[in-house]
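[1] need coordinates for the below:
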Amino acid sequence: MATAHHLEDHRAALTGHCYRMLGSVAEADDAVQETMVRAWRNLDRFEERSSLRTWLYRIATRVCLDALSEHSRRMRPMETGPVGSIDDSLATLPGSHWIEPIPDARALPSDADPSELVMLRQSIRLAFVAALQHLPPRQRATLLLTEVLGWSAAEVADSLDTSVAAVNSALQRARATLATHDLTQARAPLSDTQSTLLDRYVEAFEHYDVDALTRLLHQDATLSMPPHSLWLRGHEPISAWLLGRGSGCRGSRLVPTAACGSPAFGQYRPGGPGGGHLPWALIVLEFSGERISAMNFFLDTEALFPRFGLPARLAP
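    Here you go, the predicted model:
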């Protein structure tokens, strides 16, 4: 018989599912906790006609659908307004406005097989999660249950209390919506060339060689800094920003981590006591071919660094 310990075995898988649905780590954690409570209260009704994880996914999906009825869509700066310039003011929007990065370790179950892991990692990438937010909640659930978790239309219909025809219709509309978003960069793991590119990025950033860093970027690369809504596109604006208003990043050190299935770094800027470095941003990189297509600087280090297990400061 399943116990509370068995429920905990599925926490990472459920967190990943709730994150895809909600676009927020904090809200995903709340949804998983509510899922656990509901599951525990109804454990005697679990008839083992499906796996325990499948039963938990059903509960989690309903919890997320309830939560989404009260929340507006989360987004990225690139969806909030037109591309900015280096002279624009820095408007700040509430954290509830933005898609949050999630640590891979929080969203990827350790018992997933390699092929499953590839799919799960791709499905938490920022571009994919952002595209999901454009789907109505039930379409979003239908797409995730079928295309990420591999459920049949009949299983989804049973879980969502609807018909197979309605599931197939929702799935068709969801696919059509996602087809309007460029998700090509989210479909492949890093190549050897991209791994080398990553090493060169760290070297260029820590030496603050902006020319070298810019050469690693795709010509249409973006730079964003949530919770600021300003975002930039292209070599010249990004280079000008890094050499101008962003020049305080000179002398930074980067600590590697993994977020949203992508390479990420805790960025520490100089200024700590005795010459140490203090948290400045969680950087999540995205790739397009053999170039970096996006540098996402998430600035809420007070919430993010503990979540990613990053140190509070770096010693000199």
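[2] now P263: how far from A127?
    Taking CB to CB, to the nearest Å as the measure, P263 falls 14 Å from A127. Every residue, glycine included, has its C-beta placed from N, CA and C.
[3] please read the previous query as pertaining to R11.
    For R11, the distance to A127 (CB to CB) stands at 25 Å.
[4] tell me which of those two has more neighbours.
    Between R11 and A127, A127 has the larger neighbour count (other CB atoms under 10 Å), namely 23 against 17.
[5] report pLDDT for the more buried one.
    Residue-level confidence at A127 comes out at 94, pLDDT.
[6] what helix or strand is it on?
    A127 belongs to helix 126-132 when assigned by DSSP states H and E.
[7] which residues are contacting that helix?
    Contacts with helix 126-132, where a contact means CB atoms under 8 Å, 6 or more residues apart in numbering, come from 19-21, 23, 75-76, 79, 99, 101, 122, 140, 143-144, 177-178, 181-183, 185-186, 260, 262, 284, 286, 294, 296.
[8] need the next SSE after that helix, C-terminal direction.
    Going down the chain from helix 126-132, the next helix or strand is helix 137-143, by DSSP H and E.
[9] C-terminal to that next one, what's the next element?
    For helix 137-143, the succeeding helix or strand toward the C-terminus, using DSSP H and E, is helix 153-160.
[10] all strands of the chain, in order?
    Here the chain has its strands, by DSSP state E, at 217-224, 231-233, 253-259, 262-270, 277-288, 291-298.
[11] give me the neighbour count for H5.
    Residues near H5, counting by other CB under 10 Å, number 7.
[12] for E48, see how far away it is.
    According to CB to CB, H5 and E48 sit 17 Å apart.
[13] same question for P279.
    Relative to E48, P279 is positioned 46 Å away (CB to CB).
[14] and these two? Which one has more around it.
    Comparing P279 with E48 by other CB under 10 Å, the one with more neighbours is P279, at 23 against 9.
[15] contact partners for that one?
    For P279, the contact set (CB under 8 Å, 6+ apart) comprises 266-268, 301, 305, 310, 312-313.
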